[in-house]
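[1] Following is a predicted model, sequence given first.
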Amino acid sequence: MEKAEKKSRTIKISIIVSVVLSIAIILIILKLTVDSTTIDRLMHANIRYEYFLLAVLLNVLTFFIWGARLKVLSNAIDKNVHVGLWESTKIVIANLFLAGITPSMAGGEPVRIYLLNKDGMSLGGATASVLGERLIDAIFILACIPFALFIFKDRIDDKNLNTGLLIGVVVFIIFVALFLYAIKYPDKVKSFLNYLDLKISRLFKKKERTKITDFINREVDNFHNSMVFFSREGKKAFCIGGVLTVAYWFTGFLIPSALLVGLGLPPYIIESFAAQMLLLVIVMMPTTPGSSGFTEGGMAGLYSVIIGIGSPQLYLLGVFVILFRFITYHMNLIAGAIFQYKKFKSLTSFSLDTLTKQK
């Protein structure tokens, strides 16, 4: 009971930290971009509200595209279990809550695995589906980084922003390299992780290591086996998943452009796509819960360059960041909370232990 209360408290703290950080950074951006004339200028600006609605619809569309990808990968792995589009989409929406309050969106993966298993898939198959998604996303982001850097190479004068992006890109490439290394040499990865676990256990004087060691060995094996499957029998599904991944991210990348047009600004489609690609690197890094604070700061930095520092329209930057984060983060958090509650009858009861018990 005490352990359950501790987990519940941890999730509640994550929710508070992610939301407070997001709001705090937005307030700072507003402080820097809004003055006494802003409201008056907004009243006379060419606001097109239909584009705000379009942005919301594009965000909802991403749920279904993600659901379609999960459906394709899952059905390819286990041909005896048919996961429908609506069911896979519900799983995707349910995962958004924990994804939104954990670094790198990592909290959503156990939810997807658990719910796929609940629909009849083996845990190994469910894990393979979710890890397949991660690999496709990593390949997509890695392919996009050169294009994004090319677009912004002569436009970013801010040393802090340049340094932050450089660190993000380097860290991301290291993670991808480790990702690929784990596919080729799973035994070496297991040995290293078990060695690391042993050192940490000794440091914190923990005697019981069996559970964690078994979990590490099992997950590395699951990861290796799933990647082998997609490189052989599951090639077609992996390619279709790749096409759906491009559709998913490009649909999401159109959201800022829709908001810019709604605020009476040009869509800046190419520049906006490049900015979103760089922002992905920030979001995928294990920083704060839901990457709150970092995402808002990254958005403000990148789009201030796009709109133009010193531009008379720069006062719209704070409003733009608020709209973007509300649609792509806070709205997702609310939708995820509703669907997770329907699945688990709780927002705080699910954890990795729930998954481990099934194994």
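    Yes, it's here. Numbering: from 1, shown residues only.

[2] measure the most centrally placed residue in the chain to Leu278 for me?
    With distances taken as CA atoms, centre = their mean, the chain has Met105 as the residue nearest its mean C-alpha position (4.5 Å). Taking CB to CB, to the nearest Å as the measure, Met105 falls 17 Å from Leu278. No exception for glycine: its C-beta is placed from N, CA and C like everyone else's.

[3] circling back to that earlier point, quick one, what contacts the closest residue to the residue nearest to the centre of the chain other than its chain neighbours?
    Excluding the flanking residues, the one nearest Met105 by CB to CB, 6 or more residues apart in numbering is Ala99, at 4.1 Å. Shown in contact with Ala99 (CB atoms under 8 Å, 6 or more residues apart in numbering): 105-109, 111, 290, 336.

[4] and those as JSON lines, adding pLDDT?
    Formatted as JSON lines, the contacts of Ala99 follow (pLDDT from 0 to 100):
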{"residue": "Met105", "pLDDT": "72"}
{"residue": "Ala106", "pLDDT": "71"}
{"residue": "Gly107", "pLDDT": "76"}
{"residue": "Gly108", "pLDDT": "83"}
{"residue": "Glu109", "pLDDT": "87"}
{"residue": "Val111", "pLDDT": "90"}
{"residue": "Gly290", "pLDDT": "67"}
{"residue": "Gly336", "pLDDT": "92"}
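
[5] top of those by neighbour count?
    When neighbours are counted by other CB atoms under 10 Å, Gly290 leads those with 30 neighbours.

[6] Tell me if I'm right that Ile322 and Leu27 touch.
    No - in this structure, Ile322 is not within contact of Leu27 by CB atoms under 8 Å, at 9.7 Å.

[7] now the helices for the stretch 101-250 of the chain?
    Taking DSSP state H, counting those that start in this stretch to define them, one finds helices in the stretch 101-250 of the chain at 108-118, 123-152, 159-184, 186-203, 210-231, 235-262.

[8] of these, which approaches Val34 most closely?
    Between Val34 and the helices of the stretch 101-250 of the chain, the tightest spacing by CB to CB is seen for helix 235-262, at 16.9 Å.
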